[in-house]
Every structure is written in structure tokens, then in C-alpha cells.
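Student: Coordinates for the following, if possible.
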Amino acid sequence: MVAARSRLWLCFLLFLVALLEARGVPVGITYVRNAIARGAVCLDGSLPAYHFDKGFSTGINNWLVHIEGGGWCNNVTTCLARKNTRLGSSKQMAKEIAFSGILGNRQRYNPDLYNWNRIKVRYCDGASFTGDIEAVNLATNLHFRGARVWLAVMEDLLSKGMENAENAILSGCSAGGLTTIVHCDGFRALLPKGARVKCLSDAGYFINAKDVSGALHIESFFNQVVATHGSAKHLPRPCTSIYRPGLCFFPQYIARQMQTPLFILNAAYDSWQVSKL
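Tutor: All right, here's what the predicted structure looks like:
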């Protein structure tokens with residue numbers, strides 16, 4: 001009986017240790033301090049932010065930049081609703097988050113990328129880092145500056161060693177997955193010519209289709225996002241030279257002109273897309 005209980009406790013402890021290992025280690029937040037001067041700010045005017053776990057050993061010149069997801073805001077009302085949340089303000093973001101999965105630093109759970117420089121970029125503009133409107137309405141204090149935030153974060157990472165990247169992956173989930181597609185070629189252009197660069201979009205391939213009533217609901221929604229944030233000038237030029245800017249929020253139109261290798265991971269039934277169709 002005692003031996004059986006001992007084995008049970010041992011199994012429990014081993015399970016607990018394995019669970020704690022898989023959860024990853026906490027990584028502190030980094031604010032882009034010089035972003036204010038260029039107007040590269042979140043919806044509420046706060047500093048952009050990311051979490052950075054430095055690479056080591058053979059991964060010292062390899063970079064994984066992962067973009068957080070979180071949907072979009074398509075008008076003043078919906079942007080105000082997220083302005084004072086972690087999706088609109090770095091003041092509301094956790095100061096520390098656990099890196100796991102492809103961001104983890106344990107070889108056992110992340111054998112290909114565990115020793116790379118791994119970054120999670122926090123999402124706080126509501127338009128997949130495409131907006132750029134200079135004027136700020138004093139009544140709402142909303143800042144539509146996602147494209148500036150993107151560039152400020154990338155330049156900060158370049159100054160911390162990404163300018164020497166030998167291998168790099170841009171990835172993201174949901175709205176972050178769409179960010180990955182929109183910015184994939186631009187990300188490649190920032191890195192050394194000899195670097196091997198690829199992009200991975202997880203649940204970011206949103207399709208242009210009619211809903212059950214026959215309306216183009218998602219197309220209308222994306223048109224509103226682009227108009228509200230002034231995104232047109234920061235969407236991929238090869239796409240906007242052919243299609244209306246609102247359509248260039250859809251991967252099916254962007255991907256046709258992309259030059260950088262793109263890997264797409266999408267569920268057959270995406271909850272957000274199904275709810276809009």
C-alpha cells in the first residue's frame with residue numbers, strides 16, 4: 001500500500017515538473033522608448049512594446065518575430081472600446097509573459113527554434129499595423145499609427161542585432177497572422193540580402209466570401225478598417241496597384257504578388273470567419 005502511494009506521488013510530481021517545463025519561462029516587456037518622437041504609438045498614445053528572449057549558441061544570428069493577434073477595430077466606437085485594454089494600450093499589458101510553443105527556449109519542446117532570438121510583438125493598433133493618420137481627434141484621443149509602430153519596433157530590433165540576421169521567420173496568429181502576410185515582403189526588405197527569410201501565418205488567412213444573407217460582410221468590415229485607420233498607403237503596393245485597398249486586407253489578393261516564401265496554417269473551420277459568414 002505504501003509503495004503504491006509512493007509511486008502515485010512520484011508520477012504526480014513528474015507530471016507537475018513536465019507541465020512546468022512545458023509552460024516556459026517568463027519574459028519581461030520592452031518598451032520602444034524613442035517611438036513617441038515619431039508618433040509611433042498605440043491607440044491611446046502609449047509606447048509600443050514587445051517581449052524579447054535573446055538567442056544563444058548557434059541561434060545567436062537567427063530571429064523569430066511573432067505578432068500577437070486580437071482582431072481589429074473598424075470605427076471610432078469599436079476603437080474606443082479597445083483603447084484602454086491591452087489591445088489598445090501598453091499601459092494595460094502584462095509586464096511579463098511566459099514563452100512556450102515556438103517561442104519556448106527548451107530544446108525538448110522547441111527543437112528547431114529554442115536558441116533563436118524570439119520576440120513577441122504586442123498588438124495595440126487595431127489594424128494589423130497598417131494605419132497612419134497624423135491628426136488626433138482631441139475628443140477621443142485615438143491614435144491611428146499602426147504602420148509607424150511596426151517600423152519603430154522593427155528598427156529597435158535591428159539595432160539589437162537583427163541587422164545581422166542569417167535566418168529569420170515572421171509569424172503571427174489571427175490578426176497577427178494577417179499582419180505577417182501584409183508585412184512579409186517588407187520584413188524581408190529590412191534584413192541583409194543574404195538572410196534566409198520566411199513567413200508563417202497561423203489562422204490569418206481570412207477569405208472574401210458572402211455571408212448567409214448574400215452580403216459581403218467581411219469585405220465591408222475590412223473596408224471600414226482601412227478607411228478608419230488610413231491604411232491604404234501602407235498595404236502592399238503590388239496589391240493596391242491592382243485592387244481596391246480594402247481588398248488588400250485579404251490574403252487571397254496579397255499572396256498572389258508576394259516574393260517571400262509564405263507558409264499558411266489555417267483550421268478548416270475558423271471561429272471568427274464562420275461567425276461572419
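Student: and residue 232, how far is that from residue 25?
Tutor: 41 Å (CB to CB, to the nearest Å). Using the backbone N, CA and C atoms, a C-beta is placed for each residue, glycine as well.
Student: Give me the three-state assignment for the closest residue to residue 43 other than its chain neighbours.
Tutor: Once flanking residues are discounted, residue 43 sits nearest to residue 88: 3.7 Å by CB to CB, 6 or more residues apart in numbering. Three-state assignment for residue 88 (DSSP: H, G, I helix; E, B strand; the rest coil): coil.
Student: And the pLDDT at residue 88?
Tutor: pLDDT, residue 88: 98.
Student: give the contact list for it.
Tutor: 42, 43, 44, 73, 79, 82, 124, 125, 126 (CB atoms under 8 Å, 6 or more residues apart in numbering).
Student: so of those residues, which ones are in helices?
Tutor: The helices, defined by DSSP state H, take in 79, 82 from the contacts of residue 88.
Student: quick one: which of the contacts of residue 88 has the most company?
Tutor: Among the contacts of residue 88, residue 125 has the most neighbours (other CB atoms under 10 Å), with 33 neighbours.
Student: Isn't it up against residue 149?
Tutor: Yes - between residue 125 and residue 149 there is a contact at 5.7 Å, judged by CB atoms under 8 Å.
Student: Tell me where the stretch 101-250 of the chain has helices.
Tutor: 146-159, 175-190, 217-229, 237-240 (DSSP state H, counting those that start in this stretch).
Student: what's the angle from the second one to helix 217-229?
Tutor: Our comparison of helix 175-190 with helix 217-229, counting by axes from the mean of the first three to the mean of the last three CA atoms, to 10 degrees, yields an angle of 60 degrees.
Student: likewise the first one?
Tutor: Between the axis of helix 146-159 and that of helix 217-229 there is an angle of 80 degrees, by the same axes, to 10 degrees.
Student: Show me what counts as buried in helix 146-159.
Tutor: By neighbour count with 16 or more other CB atoms under 10 Å, helix 146-159 contains the buried residues 146, 147, 148, 149, 150, 151, 152, 153, 154, 155, 156, 157.
Student: again with the longest one
Tutor: By neighbour count, and taking 16+ other CB under 10 Å as the criterion, the buried residues in helix 175-190 are 175-188, 190.
Student: Which neighbouring elements make contact with that helix?
Tutor: strand 62-67, helix 146-159, strand 167-173, strand 196-202, helix 251-254 (3 or more CB pairs under 8 Å, 6 or more residues apart in numbering; DSSP states H and E).
Student: Can you add mean pLDDT and give these back as TSV?
Tutor: TSV is the format used below for those (pLDDT from 0 to 100):
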stretch	mean pLDDT
strand 62-67	98
helix 146-159	98
strand 167-173	97
strand 196-202	98
helix 251-254	96
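Student: and residue 221, which of those is closest to it?
Tutor: Smallest distance to residue 221 across those (CB to CB): 15.1 Å, for helix 251-254.
Student: Give me the contacts around that closest one.
Tutor: Against helix 251-254 from outside (CB under 8 Å, 6+ apart): 178, 181-182, 201, 204-208, 235-236, 239, 242-243, 247-248, 264.
Student: So which of those belong to strands?
Tutor: Judged by DSSP state E, strands contain the following of those: 201, 264.
Student: list the contacts for residue 257?
Tutor: Residue 257 neighbours (CB under 8 Å, 6+ apart): 236, 238, 239, 242.
Student: repeat that with 7 Å
Tutor: Residue 257 makes contact with 236, 238, 239, according to CB atoms under 7 Å, 6 or more residues apart in numbering.
Student: wait, which of the contacts of residue 88 is closest to residue 114?
Tutor: Nearest to residue 114, judged by CB to CB, of the contacts of residue 88 is residue 124 at 27.8 Å.
Student: Does residue 262 touch residue 184 like I think?
Tutor: Yes - using CB atoms under 7 Å, residue 262 is in contact with residue 184, at 6.1 Å.
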